[in-house]
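Trainee: sequence-free structure coming up:
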């Protein structure tokens, strides 16, 4: 049922709502995890500004992000892995993000590398690790070797229809000087991308360290000798066991 954004309006409690406002038609999507509201995204799908709808109030597009920040030690571990992979293989690499609102405060995020990832300078093949008990896949973070941080065309394709937090980290390698500009963060809600500031997602930026055992999850892949085709960098959903580049995900209800 379409809602009217007027005086006395109350936001519906469901996962999605269509709302007519003075400046157009908006869709509000909500993401829940074990009953906790983690994000709300508002997107305008039709502009009505030229129609000057009387009695309606204007709405704004945007994201309300309710998740706690990923702790500095977890970020340091991921940065350390990415730097080591660039120094060793000059390749991209990735890690998966897990979240549980039922975990103690400060421990609600976990980050794990894939069970195995075969890496190149242009992409990643990987196997999913075992999901931590009580957690669910909430997104991923991957490196762009020594390039800038941005969501490439391949990333955009992989994340279409996905819901979760997706982060790209640029200028990796022990010789690089990373700044806050090297973290490209966005939250996807059913195919709609909302940009987040790095300081909204992470606690801080310090020296990178990671467990030595993570090194054994990475191997250099020999690129196939072929021309054309896009199967090498395919998408998918998080329920699969092997992926090209990155996968998708679904929050539990």
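Mentor: Good, I have the coordinates. This one's a predicted model, so the numbers in the text were calculated from it and none came from an experiment. Numbers count the residues shown, from 1 in each chain.

Trainee: which parts of the stretch 151-253 of the chain are strands?
Mentor: Here the stretch 151-253 of the chain has its strands, by DSSP state E, counting those that start in this stretch, at 164-169, 183-189, 192-196, 218-220, 242-244.

Trainee: return the most buried member of those.
Mentor: strand 164-169 (a mean of 25; mean count of other CB atoms under 10 Å). The way it works is simple: take the backbone N, C-alpha and C, and place the C-beta from them, glycine included.

Trainee: strand 183-189 and that one, what's the angle between them?
Mentor: Relative orientation of strand 164-169 versus strand 183-189 (axes from the mean of the first three to the mean of the last three CA atoms, to 10 degrees): 160 degrees.

Trainee: from the middle of its chain, how far away would strand 164-169 be?
Mentor: Computed by CA atoms, centre = their mean, to the nearest Å, the chain-centroid distance of strand 164-169 equals 3 Å.

Trainee: parallel or antiparallel, list what pairs with that strand.
Mentor: strand 136-143 (parallel), strand 183-189 (antiparallel) (DSSP bridges).

Trainee: looking at those strands, which is closest to residue 6?
Mentor: Of all the strands paired with strand 164-169, it is strand 183-189 that lies closest to residue 6, at 25.1 Å by CB to CB.

Trainee: could you list the residues in contact with that closest one?
Mentor: 29, 31, 39, 41, 63, 65, 139, 149-151, 159, 162-170, 193-198, 200-202 (CB atoms under 8 Å, 6 or more residues apart in numbering).

Trainee: any chance of the strands paired with strand 164-169 in CSV, plus mean pLDDT?
Mentor: Supplementary listing: those in CSV, determined by pLDDT from 0 to 100:
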stretch, mean pLDDT
strand 136-143, 90
strand 183-189, 89
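
Trainee: same list, the ones you listed, but as a markdown table with distance to residue 56 please.
Mentor: Output for the strands paired with strand 164-169, formatted as a markdown table (distance: least, CB to CB, whole Å):
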| stretch | distance to residue 56 |
| --- | --- |
| strand 136-143 | 35 |
| strand 183-189 | 24 |
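
Trainee: what ranges do the helices span in the stretch 151-253 of the chain?
Mentor: Taking DSSP state H, counting those that start in this stretch, the helices of the stretch 151-253 of the chain run over residues 153-159, 198-201.

Trainee: check these for me: which has the lowest mean pLDDT.
Mentor: Here the helices of the stretch 151-253 of the chain differ in mean pLDDT, and the lowest is helix 153-159 at a mean of 66.

Trainee: what pLDDT does the spatially most central residue of the chain get?
Mentor: Residue closest to the mean C-alpha point of the chain, counted by CA atoms, centre = their mean, is residue 166 at 1.5 Å. With respect to pLDDT, residue 166 has a value of 92.

Trainee: and residue 226, by the same measure?
Mentor: 51.

Trainee: quick check: longest helix of this protein.
Mentor: The longest helix of the chain (DSSP state H) is helix 72-89.

Trainee: bridged to residue 17, which residues?
Mentor: According to DSSP bridges, beta-bridge pairing links residue 17 with residue 28.

Trainee: point out where the stretch 151-253 of the chain drops to low pLDDT.
Mentor: Scanning the stretch 151-253 of the chain for pLDDT under 70 picks out the ranges 152-157, 159, 176-181, 205-208, 223-253.
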